[in-house]
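Novice: Provided below for reference: sequence and predicted model.
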Amino acid sequence: MNERRRRLARAGWSLVDLRSYLHAFRLLHYYGYSHVQERRKMQIGPGSRLAPNVSIVSGERVSIGRNSRIGAYSSLWAGPTNSRISIGSDVSLAPEVFITAADYRFERGRPFREQPMDERDVVIGDDVWLAVRVVVTAGVTIGDGCIVGAGAVVTRDLPPNTIAAGIPARPIGERPEPSGPGAASLHRSR
């Protein structure tokens with residue numbers, strides 16, 4: 001009974017503790033800063049959807065085609081000055097995909113945050129699927145129809161219809177041509 005009273009007292013105290021409300025305010029501020037404001041700057045095609053917790057940096061340099069889906073906790077970080085992220089149509093990013101268009105340099109004798117960034121555009125073609133926790137680094141182009149396996153780190157371009165996996169991501173196969181009823185119309189839509 002004594003333990004129960006202590007838990008109730010702690011719960012009651014948290015309702016009047018200003019730190020609880022300050023923390024809630026910080027969370028709302030972060031959400032507005034990293035999603036709402038940046039999303040308004042993006043070019044988003046019709047029918048595309050972003051999870052409400054996607055982190056966006058430099059949204060004015062991020063574009064998404066039509067009917068694409070960006071999964072929960074994904075990050076789209078365009079460069080701070082000029083590099084862009086271009087995501088095609090009918091693309092699916094699973095949860096926790098991280099795409100960045102800028103990297104720090106690693107020169108000796110200077111902290112990395114004080115070094116200039118290398119900015120290079122990232123281009124993701126149409127009908128691409130990036131599985132959970134894929135990382136795409138600056139300067140990469142992922143061709144139409146590619147599939148990238150879970151946890152892969154894409155550091156080099158992937159040609160169209162490649163299936164890739166690993167760290168760093170390497171081609172492990174090729175997406176087959178559609179077959180069966182309706183294949184001709186599916187093939188033309190690509």
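Specialist: Looks like it came in fine.
Novice: The chain: helices as residue ranges?
Specialist: 2-16, 18-31, 37-41, 183-189 (DSSP state H).
Novice: Show me which residues of the shortest one are buried.
Specialist: Neighbour counts over helix 37-41 (16 or more other Cβ atoms under 10 Å) mark 38-39 as buried. In short, each C-beta sits where N, CA and C put it, glycine included.
Novice: who does that helix touch, helix- and strand-wise?
Specialist: The criterion is 3 or more Cβ pairs under 8 Å, 6 or more residues apart in numbering; DSSP states H and E, and the helices and strands that helix 37-41 contacts are strand 55-57.
Novice: same for the strand it packs on, what does it pack against?
Specialist: By 3+ Cβ pairs under 8 Å, 6+ apart, strand 55-57 packs against helix 37-41, strand 75-77.
Novice: quick revisit: which of the helices of the chain has the lowest mean pLDDT?
Specialist: Among the helices of the chain, helix 183-189 has the lowest mean pLDDT, at a mean of 49.
Novice: Turn the helices and strands packed on strand 55-57 into JSON lines, columns for distance to Leu50.
Specialist: Shown next, in JSON lines, are the helices and strands packed on strand 55-57 (distance: least, Cβ to Cβ, whole Å):
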{"stretch": "helix 37-41", "distance to Leu50": "7"}
{"stretch": "strand 75-77", "distance to Leu50": "9"}
